[in-house]
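Peer 1: Structure here, sequence nowhere to be found:
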């Protein structure tokens, strides 16, 4: 006999912005047994809406949903019993030894780092790098546009264009990238309103400047080792500080697609 939907266990690889948006959508749909796997030094940009911050701070809350850093299965189940999402520092995915019903690869590495259909009863891959029906059961399209959030039963998502999504008429201009290799030291904070050419931080002696005016929607933690071209943050030209602390429309769409896929498989 199949167990009730709300008792299904879900493992999400990654705990950055998109993975966290997915976790929020599932948690609000009453899936309360969610674990997320992260590295020991995540570099999320939109930190206020990324559960990966629990790796550093012990816990993180996004839109009223709390996640806690755990160590081992006992702590994972304890987090679930108190209605919290479990975050594990587990870059080698050892926690997958637990019999999860669903595995969602939301690392968004644009390639498959080792996810396969044997990982769970249902395995979902987000974005390029996966083939539905081969290494995962379903693939979800992550590129903005008409097909964002489309669930693919065959084939792969379209290749990454390298062009950020259009927000307020801006694409690449709103993204902050590292001018070189070194350690990033921020001089502004998420939620700050800035003008064009404002220095938001430095990498070594090189300034990182805003190319447009708006609100600092995302910024990586300070003292993280970065490389040239690495995304360090983004400026939202709409200038609304509330957007810094809420899940984006893209993350909500991907969360809805994952929810659709889970229901398609188990809601009989």
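Peer 2: Nice, I can see it. As the structure is a prediction and not an experimental result, all values here were calculated from the model.
Peer 1: now residue 51: how far from residue 6?
Peer 2: 20 Å (C-beta to C-beta, to the nearest Å). C-beta coordinates here come from the backbone N, C-alpha and C atoms, glycine included.
Peer 1: What of residue 45?
Peer 2: In terms of C-beta to C-beta, residue 45 sits 32 Å off from residue 6.
Peer 1: And these two? Which one has more around it.
Peer 2: The neighbour comparison of residue 45 against residue 6 (other C-beta atoms under 10 Å) goes to residue 45, with 21 against 10.
Peer 1: Distance-wise, check that one relative to residue 141.
Peer 2: For residue 45 relative to residue 141 (C-beta to C-beta), the value is 22 Å.
Peer 1: Now do the helices in this structure.
Peer 2: Taking DSSP state H to define them, one finds helices in the chain at 17-28, 54-57, 73-81, 249-266.
Peer 1: Just say which of the ones you listed is most tucked in.
Peer 2: Counting by mean count of other C-beta atoms under 10 Å, helix 17-28 has the highest mean neighbour count of those, with a mean of 26.
Peer 1: Now find how far off-centre the worst-scoring helix or strand of the chain on mean pLDDT is within its chain.
Peer 2: One helix or strand of the chain scores below all others by mean pLDDT, DSSP states H and E: strand 224-226, with a mean of 92. For strand 224-226, the separation from the chain centroid amounts to 19 Å (computed by C-alpha atoms, centre = their mean, to the nearest Å).
Peer 1: which of the residues in it are buried?
Peer 2: residue 226 (16 or more other C-beta atoms under 10 Å).
Peer 1: which non-adjacent residue is nearest residue 31?
Peer 2: residue 10 (5.9 Å; C-beta to C-beta, 6 or more residues apart in numbering).
Peer 1: for the stretch 1-150 of the chain, which spans come out with low pLDDT?
Peer 2: Residues of the stretch 1-150 of the chain that meet the criterion pLDDT under 70 lie in 1.
Peer 1: since we're on the residue lying closest to residue 62 once chain neighbours are set aside, how many residues are nearby?
Peer 2: Once flanking residues are discounted, residue 62 sits nearest to residue 49: 5.2 Å by C-beta to C-beta, 6+ apart. Other residues within reach of residue 49, judged by other C-beta under 10 Å, total 27.
Peer 1: Lovely, talk soon.
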